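[1] from the sequence below, what's the structure:
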Amino acid sequence: MATTLATVEAREVLRCEHCSLVQFRTSNSLCRRCHKPLEIEEPEPIVPQLVTETTPSTSGGGAGVEVARAVRDIRRSHQLSQRQLAGRMQVPRTYISKIENGKAVPTLSSLERLAVALEIDICDLLRDARSRQHEEATAILANPFLKEIAPYVTRMDAYQRSIFLNQVRDMAMGRRRLA
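    Numbers count the residues shown, from 1 in each chain. Next up is the predicted model:
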């Protein structure tokens, strides 16, 4: 006796960004409830390889890679997901991913929209990663408590540092730990 298995058609499941309805993709790619597009068209860069072609001699992949790192670092420091940033810019999440992975070079207008969405100056996106890290370290050490304990933390091994940082995190959250 032969058993036949019914083949189930693989259908894409999407969530509407406007009304949050979870649904199968429709033939016209419009939401069943609010009739808005299920995916926003991804803006195409006007000249995507202009930056990398003009700077082939720079080590580290050119200015496009620096912008990619800057977008990722700043987005993470603002504790935003790619989806949240894409929502602020009104572009697909995949566009943010392509920018961060260096697969798309944002146009000047996209850089401006990124800066507005991240609530920063456009110059911060174009600054290199080393200067951003230096500024972050300076801001952290402006706190008197952190400035005082910094020399001790560097002398700890990884296990001691982990225990210490967990204690500080618990104290900051108002929890007490029994030692």
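
[2] can you list the low-confidence ranges for this structure?
    1-10, 39-64, 128-130, 132-133, 136, 175-179 (pLDDT under 70).

[3] give me that answer again for 80
    By pLDDT under 80, the low-scoring segments of the chain are 1-14, 26-27, 29, 38-66, 124-141, 143, 145-147, 150, 153-154, 168-179.

[4] ranges for the helices of it?
    For the chain, the helices defined by DSSP state H cover 50-54, 63-77, 82-89, 93-100, 108-118, 122-126, 129-140, 144-153, 158-172.

[5] reformat the ones you listed as TSV; add mean neighbour count and distance to residue 18.
    (C-beta placed from N, C-alpha, C; glycine too.) Formatted as TSV, the helices of the chain follow (neighbours: other C-beta atoms under 10 Å; distance: least, C-beta to C-beta, whole Å):
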stretch	mean neighbour count	distance to residue 18
helix 50-54	14	34
helix 63-77	18	23
helix 82-89	17	11
helix 93-100	20	15
helix 108-118	17	18
helix 122-126	14	28
helix 129-140	11	35
helix 144-153	11	43
helix 158-172	11	38
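
[6] nearest to residue 24, of those helices?
    Closest approach to residue 24 among the helices of the chain (C-beta to C-beta): helix 93-100, 19.5 Å.

[7] and that closest one, what does it pack against?
    In this structure, helix 93-100 makes packing contacts with helix 63-77, helix 82-89, judged by 3 or more C-beta pairs under 8 Å, 6 or more residues apart in numbering; DSSP states H and E.

[8] helices or strands next to the shortest one in the packing?
    Applying 3+ C-beta pairs under 8 Å, 6+ apart, one finds that helix 82-89 makes contact with helix 93-100, helix 108-118.
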